[in-house]
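Colleague: Could you look at this predicted model? Sequence included:
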Amino acid sequence: MSAPATVLYLHGFLSSPQSKKAQQTLRYCKQRGMGENVLIPQMRHGPAQTMAELKVIVEAQDSRRLVLIGSSLGGFYATYLAEEYGFPAALINPAVRPFELWQEHLGQHRNYYTDEIHTVTKKHIEELKKLDRSQLQYPRNIMVLLQSDDEVLDYTQAREKFNSSRCIVRENGSHSFEDFAAELPAIFDFLLSRLD
């Protein structure tokens, strides 16, 4: 019998491990007996430092048993890690070109959960550009869930980028991805099937 998978959940910009989707993922994993194997780091730094911290986390795991779930900016980071290491990933309303969006959001922002202040700088935009993986090497290892009424990101960018991946578009919804818990069985079926 193979070792249980480790799940690395990456939250979005100005979010936290306390976000609804992160907690739903943790609850689902506990129900499946995988609760001890869920990692949900707080990502509070700029992109380069965040990625350095994430690499320390993933390199401490059994790389053959690691799966990624990333939401929004966490989906952008998960794409980088999936491509860099060959991990299976599920992306939830992922940011595709966050460096373009951040041009309009330079300055200070308050974290929705912790009240910490995060400052977006031009340096951060350049750091994001360095993490972009416009050409995918492992598109079949990626599942993408999108909702068409995402009010923050244009879902068609992700649909286009991940057209060789398993891409599911749900009509309506929002950026937070309505009814996410109902998608978890299919997400884990996909992720775990990529480990076998």
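Modeller: Sure thing, it's come through. Because the structure is a prediction, the values reported are computed rather than measured.
Colleague: Which parts of this structure are helices?
Modeller: For the chain, helices defined by DSSP state H occupy the ranges 20-31, 47-59, 73-85, 98-101, 122-131, 155-161, 184-193.
Colleague: Deepest in the core, which of those helices is it.
Modeller: helix 73-85 (a mean of 24; mean count of other CB atoms under 10 Å). Yep, even glycine has a C-beta here, placed from its N, CA and C like the rest.
Colleague: now that one against helix 20-31, angle please.
Modeller: 60 degrees (axes from the mean of the first three to the mean of the last three CA atoms, to 10 degrees).
Colleague: Just the C-alpha atoms of helix 73-85, please, in CSV.
Modeller: Presented in CSV, the C-alpha positions along helix 73-85 are these (Å, rounded to 0.1, in the frame of the first residue of the first chain):
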residue,chain,number,x,y,z
LEU,A,73,-2.8,33.8,-7.0
GLY,A,74,-2.2,30.5,-5.3
GLY,A,75,-3.2,28.9,-8.6
PHE,A,76,-0.5,30.9,-10.4
TYR,A,77,2.0,29.7,-7.8
ALA,A,78,0.7,26.1,-8.1
THR,A,79,1.2,26.3,-11.9
TYR,A,80,4.8,27.2,-11.4
LEU,A,81,5.4,24.4,-8.9
ALA,A,82,3.5,21.8,-11.0
GLU,A,83,5.7,22.7,-14.0
GLU,A,84,8.9,22.9,-12.0
TYR,A,85,8.5,19.6,-10.2
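Colleague: what's the offset of that helix from the middle of its chain?
Modeller: 7 Å (CA atoms, centre = their mean, to the nearest Å).
Colleague: Okay, now the unreliable bits of this structure?
Modeller: Scanning the chain for pLDDT under 70 picks out 1-2, 196.
Colleague: Show me the contact partners of stretch 186-196.
Modeller: Contact partners of stretch 186-196, identified using CB atoms under 8 Å, 6 or more residues apart in numbering, comprise 2, 5, 7, 28, 32, 64-65, 67, 69, 88-90, 141, 143, 145, 166.
Colleague: Going by distance to residue 131, which of those wins?
Modeller: residue 89 (14.1 Å; CB to CB).
Colleague: So which residue is dead centre in the protein?
Modeller: residue 70 (1.2 Å; CA atoms, centre = their mean).
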